[in-house]
Every structure is written in C-alpha cells, then in structure tokens.
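Enquirer: Next come a sequence and a model predicted from it.
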Amino acid sequence: MARAAPAIEPARGPGPWALWATVVAGFGTLVVSIALALAGDELVRPGLQALLFNWITVPYLISGTIAWWRRPASRLGPLMIATGFVMALTALQWSTVPLLLSIGHLLDLVPAAMFLHVFLAYPTGRVVGRLRRLVVVAGYATAVVLQLAKILLGINPDSLFTVTTRPVLAGRIEQAQLITMSALLLVGAALLLVRRPSASLVRRRPVALLVDSFGLALIMLAILFIAGLRGWPQIETVRHVTFAVLGLAPVVFLFGLLDARLARTDVGALLMDLRADPAGDLREPLARALHDPSLTLAFWLPKYGSWADSDGHAVTLPGGSDGRATRVIYRDHEPVVALEFDRSLEDEHELLDAVAAAAGIALENSRLQAELRARLHELQGSRARVIDAEQQERKRLERNLHDGAQQRLVALALEIGLLAGRSASDADTKARLMQAKQQVTASLDELRDVARGIHPAVLTGHGLAVALESLTAQAAVPVTLEVAAGGRLPEHVEVAAYYVVSESLTNIAKHAHASTASVRVTRSGGRLVVEVVDDGLGGADTERGSGLRGLADRVEAIGGRLRIWSPADGGTRLEAEIPCG
C-alpha cells in the first residue's frame, strides 16, 4: 500500500541583493566579452563571434536568474547561472594578458560538461539515476583533468600553466579528450531521448520541446568536437550552428516558465468549471489548469486502506520514476487525493497549492464517489460469489440425490416388484406390494423433479439447447422453442438462461392462464438474449413475488439485465440479456 507523503514546504527565494548582483555581473560579462572580441586580432569576424557567444551566456544568465527567483527550491536556476558565468570566463582566451588567457584556456571545455549537467538535471537541478551521475562526473573529469594535463604538457605554449613542452603527447591527450567528451554528450542525448514521452502518455508540450532542444544541443556540441578532431574545413559553420542551438535551450526554458506562470491564471477558469459542474470528472479541468494533459488522479479510500482511481479500481502510487511526480492533498491531516503529474511541475508549489485549494471540496466529493464505486464493485463481486456458491451447492445436492436417495428408491422398487412376482398365490399381498411399488415410483418421479429443479444435470451434460427442449416438453402450456446460441457457453451463462426460462414457464403455468408461449434464445454482440413471451393475463412485476425478483438478481449479478413488458390488458414479454464474452 502506498504511503501518503506530506506536502513539501516551498523554500525561500534569493534576496533582492543576490538577484541584482547577478544582473550587474551578467551585464559586465556582456560588455567584457564584446570588448575582448573586438580588441583581439585572432578572431575571424569578431562581431559575429561576440554575438553568438553572448547568445549563449545572456539567455543562461537571464533564465537562471528567473528560475532561481521563481523556483528557489530547485537547484537548476543557480546551476544555469554558474554555467553562464563559466561560459563567459572562457572569453578570456581572447585576451592578450597571459594570466587571463591561461585561465580562459583552462576553462575551455568546462561549459560543455556544465551543459551536460544542466540538461540531465532538469527540472529539479538534481541528477537522478546512477548512469546520469556517472556521465556528469565523467564529463567534468574529462573537461578539467585532461585539459589541465595537456596544458601542463605544452598544448598552448602561451599558457602560464605550461610545465614542459611535449606536443605529441599533449595532442594525443587532446584527441582522447575530444573523443571522450563527444561520446559523453551523445550518451547524454540518448538519456534525454529515453525521458521523452511515449506515444501512450502525452506530456506537457513545452517540456517535450525543451527536452528536444536539450538533446539537439548535446548532439551539435558532439559534432563540433568531432569536427575539431577531424579538422573539417566547415568547422566555423558548425561552430556557429552549435552556438545558436546552445542558446536556444534557455530561451525554450523561458517559454516553459511562462507557460507555468500562465497556468496560474487558469485557476479562475478552474473555479468556473467546478461551479458549473461540481460533480463532474475533475481530471480534465485540473489538467487544463496545470497545463499537463498527462495528469492522473488517485483517491485515498480509508475503508480499504488503499488508493483507487475514479472508477474505484485499486491503484498504486508511482515511485517518481519516468519523469513523473506525485503531490498528495490532505484534509484534516488525512490524505484525500494524489495528483500524479509531469515532473517539470514539481517546483510549481504555488500553482499546485492554488489548484488544490480551488478544487478542495470537489476533490473530496470525487473521493467519496470513488469510494462509492469501490463499494459497488465489492458488492457486485460478493453477489457473483454468492450466486456461484449457490450454484455449486445446488450441483452438490443434485448429485447426492441422484447418487444416493434416487438409486436407493430404484433398488427398492425393483425389490418390491420381485416380491410381488413371488407372491402370486396371495392376491391381497400382491396387490399391496404393487401399490407400494407405485408409491415408490411416484416418490422417485417427485425426487427426480426436485433434483432437476435444484440443478438440471442434462444442462451440464448436454448443453443449453437440450436442457431447454426437456424443460419445454414438460411445460403446462404448448411452448415454441428456438435456440440459436452457437454451441456451448460458459456454465454460469447457461445456468442463468435455464433458470430464466424455467421460472418464466412456472409463472406462466401458475398465474398467466396462457394458452401458448414461446421461448427464443439468440446470441448477438457478446450477449445471450433470452426472450419468453406468453398470451396470458399480463400484470407481471419483478417487485412483487420472489421468483422474478430472484431471477433479476441472478442475471444482474453476472452483469446482465432483466426486463419485463406485461401490460394489464394481456400478454407478457420477458427479456434477459446475459454477457457471454
């Protein structure tokens, strides 16, 4: 049984000074990067280089600051800010100052590892899963350790960190670094692809677009490293496209934040929907308010100590896998309902609280309806079990009568017949013995009728059609029989149909004063239809008398329906529909 977890308290956001400091520092990196690009003489088209460079840094700084402000509990905002600043520091490679150039060169590949970290940590800022953690750690090790190793070996003679000059070994380390980083980026893209929504589970559209942009950025970055490794002549074009795609990801992220912000304005529309239809299905209006079409609801049923869906069927709360999250709503310290939604909404505490508050009463009503449906399922199951137990007991009684008392009476009748034959000289004794034999034979016939009424053995042995032929042949009025059931049916279906006909013919004989009757059994659309019609007095009612009411209960217990048309001016038509799979 799933345990309900208490709601998470929203964390405090950053102070105004932290936000303004981030804004000022970001503006400073913008100015410095442009100045370094224009002042250097090694860059081709420095204006374009500065534009593409800031197309990455500025959106990351803006998106990270807004995410830090709006979602303080998430680490993603600070991580994006750090990525933007580290990316900005790599512009120091354009400087002519040896120390600044050395620092920028040392950090050259660190942004690639940080991009990988940001994308795999979305949306909480925490990397979930052993494989993802391994990929991120390996990315940082490749970007820092191997970068430092090749710098120490003199890959860039102008660096202050150069210790010795061994260009061949440094070149091999650089090749290994680019190959490893490319492989890690492609693995990260594959992990993002695994997180994509499946065809059977439609998730939030902005989230799917954002995951696509993340994966595309990692793939383009891997292609850029491969181009550098292979010395492609179009490497500058690949670099420009890669930078454009890398800057697109935080822009899409901003759209996702805007989508979540706009979702809060839909709480008013949710209230209107609930006011118009307070007892309707809550999933659709809640999904619209949360902008998450994949939303599902699970209701806590205290009587059963388990969770159930809106139809009352038992469900288990997920463990937060496959990009899903769960929020349990409480009332008086008792769980009422659990919302299962896309994990990207996990940090939208204000939105979730507003939706929960707006739909609180309606959710309680839906919980009660789910509990009512669960009890109805339980009642239907218990009725079916009672009918089955009754049928098994009937079969046992019929078998005992057939194999026990009936056989003994047959043996007694034979014995009396033999004694009567031997007493031919004593007429009085013979007459009495013959009279006793007739009484035994009559008792045997009555016992057979009782056994047949308890459970028709011919039904089990030969099927519904033969059993109904035997039944209609003994009816009190002439009966026309038509059976088109298409072979044997499940036993409980045949038994129910048999008793429908049996009880109907009994009622016709006792109450209808009919001259003729007809029985028609057909199979259509996975249902067996039993129709009994007579030309009697009419006026039959399932609410009066135990016979028809018992028939209705038997048919309804197996998912069927019994209907009776019996006008007072004469004639009765009984129709039973029984599911037969």
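Expert: That came through fine. Just so it is clear, the structure is predicted and the values come from calculations on it, not from any experiment. Residues are numbered from 1 along each chain as shown.
Enquirer: Please work out how many residues are found near Asp108.
Expert: When neighbours are defined as other Cβ atoms under 10 Å, Asp108 has 15 of them. C-beta coordinates here come from the backbone N, C-alpha and C atoms, glycine included.
Enquirer: Would you double-check that it falls in a strand?
Expert: No - going by DSSP: H, G, I helix; E, B strand; the rest coil, the assignment for Asp108 is coil, not a strand.
Enquirer: Name the nearest residue to it, ignoring sequence neighbours.
Expert: Among residues not flanking Asp108 along the chain, Thr90 sits closest, at 5.8 Å (Cβ to Cβ, 6 or more residues apart in numbering).
Enquirer: repeat for Leu148
Expert: Nearest to Leu148 is Leu106, by Cβ to Cβ, 6+ apart, at 6.8 Å.
Enquirer: so the one you found makes contact with Ala149?
Expert: No - the pair Leu106 / Ala149 is not scored as a contact, 11.3 Å apart, by Cβ atoms under 8 Å.
Enquirer: In terms of neighbours, single out the busier of these two.
Expert: Taking neighbours as other Cβ under 10 Å, Leu106 and Ala149 compare with Leu106 leading, 22 against 16.
Enquirer: residues contacting the more buried one?
Expert: 147-148, 151, 159, 161 (Cβ atoms under 8 Å, 6 or more residues apart in numbering).
Enquirer: If any of those are buried, give me the ChimeraX selection for them.
Expert: The buried residues among the contacts of Leu106 can be selected in ChimeraX (16 or more other Cβ atoms under 10 Å) with this line:
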select :147,151,159
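Enquirer: from the contacts of Leu106, which is closest to Gly461?
Expert: Gln147 (86.0 Å; Cβ to Cβ).
Enquirer: From Met181, how far off is Thr242?
Expert: 13 Å (Cβ to Cβ, to the nearest Å).
Enquirer: who's more crowded, the two?
Expert: Met181 (25 against 22).
Enquirer: element containing the more buried one?
Expert: helix 167-194 (DSSP states H and E).
Enquirer: repeat for Glu577
Expert: strand 572-579.
Enquirer: ok, now Ser518?
Expert: strand 517-524.
Enquirer: Strand 572-579 and that strand, what's the angle between them?
Expert: 20 degrees (axes from the mean of the first three to the mean of the last three Cα atoms, to 10 degrees).
Enquirer: What lies in contact with strand 517-524?
Expert: By Cβ under 8 Å, 6+ apart, strand 517-524 touches 464-465, 468, 472, 475, 477-486, 489, 497, 501, 504-505, 508, 528-535, 580.
Enquirer: In strands, which of the residues you listed appear?
Expert: 479-484, 528-534 (DSSP state E).
Enquirer: Separate out the buried members of those residues.
Expert: Among the ones in strands among the contacts of strand 517-524, the ones that count as buried by 16+ other Cβ under 10 Å are 479, 481, 483, 528-534.
Enquirer: So, low pLDDT: which residues of the stretch 51-200 of the chain?
Expert: For the stretch 51-200 of the chain, residues meeting the criterion pLDDT under 70 lie at 195-200.
Enquirer: sorry, back to before: among the ones in strands among the contacts of strand 517-524, find me the one that's closest to Ile173.
Expert: Looking at these and their distance to Ile173, the nearest is Leu528, at 78.9 Å (Cβ to Cβ).
Enquirer: Could I get the buried residue list for the helix or strand containing Val555?
Expert: Assigned by DSSP H and E, Val555 belongs to helix 546-557. Burial within helix 546-557, assessed by neighbour count using 16+ other Cβ under 10 Å, is assigned to 547-548, 551-552, 554-557.
Enquirer: how much space between the residue nearest to Asp108 and Arg527?
Expert: Distance from Thr90 to Arg527, by Cβ to Cβ: 73 Å.
Enquirer: more neighbours, these two?
Expert: Thr90 (20 against 17).
Enquirer: List the residues that contact the more buried one.
Expert: 104, 107-108, 110-111.
Enquirer: now Glu469
Expert: Leu481.
Enquirer: And the pLDDT at it?
Expert: Model confidence at Glu469, given as pLDDT, is 89.
Enquirer: what does stretch 558-570 rub up against?
Expert: So stretch 558-570 is in contact with 380, 384, 387, 492-493, 496, 500, 527, 535-542, 548, 551-552, 555-556, 572-579, going by Cβ under 8 Å, 6+ apart.
Enquirer: repeat that for 7 Å
Expert: 384, 387, 492, 496, 535-540, 542, 548, 551-552, 555, 572-579 (Cβ atoms under 7 Å, 6 or more residues apart in numbering).
Enquirer: Give me the buried positions along it.
Expert: Using 16+ other Cβ under 10 Å as the test for burial, stretch 558-570 gives 558, 560, 562, 564, 566.
Enquirer: Grab the CA positions of that stretch and hand them over as PDB.
Expert: The C-alpha coordinates for stretch 558-570 follow below in PDB (Å, rounded to 0.1, in the frame of the first residue of the first chain):
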ATOM      1  CA  ILE A 558     -23.300 -11.600 -13.700                       C
ATOM      2  CA  GLY A 559     -23.500  -8.200 -15.400                       C
ATOM      3  CA  GLY A 560     -26.800  -8.800 -17.200                       C
ATOM      4  CA  ARG A 561     -30.200  -7.100 -17.300                       C
ATOM      5  CA  LEU A 562     -33.800  -8.400 -17.000                       C
ATOM      6  CA  ARG A 563     -36.700  -6.500 -18.500                       C
ATOM      7  CA  ILE A 564     -40.400  -7.300 -18.400                       C
ATOM      8  CA  TRP A 565     -43.200  -5.900 -20.500                       C
ATOM      9  CA  SER A 566     -46.500  -7.000 -19.100                       C
ATOM     10  CA  PRO A 567     -49.500  -4.700 -19.800                       C
ATOM     11  CA  ALA A 568     -52.700  -5.200 -17.800                       C
ATOM     12  CA  ASP A 569     -54.700  -5.900 -21.000                       C
ATOM     13  CA  GLY A 570     -52.900  -9.200 -21.500                       C
END
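Enquirer: What's the mean pLDDT across it?
Expert: Stretch 558-570 comes out at a mean pLDDT of 81.
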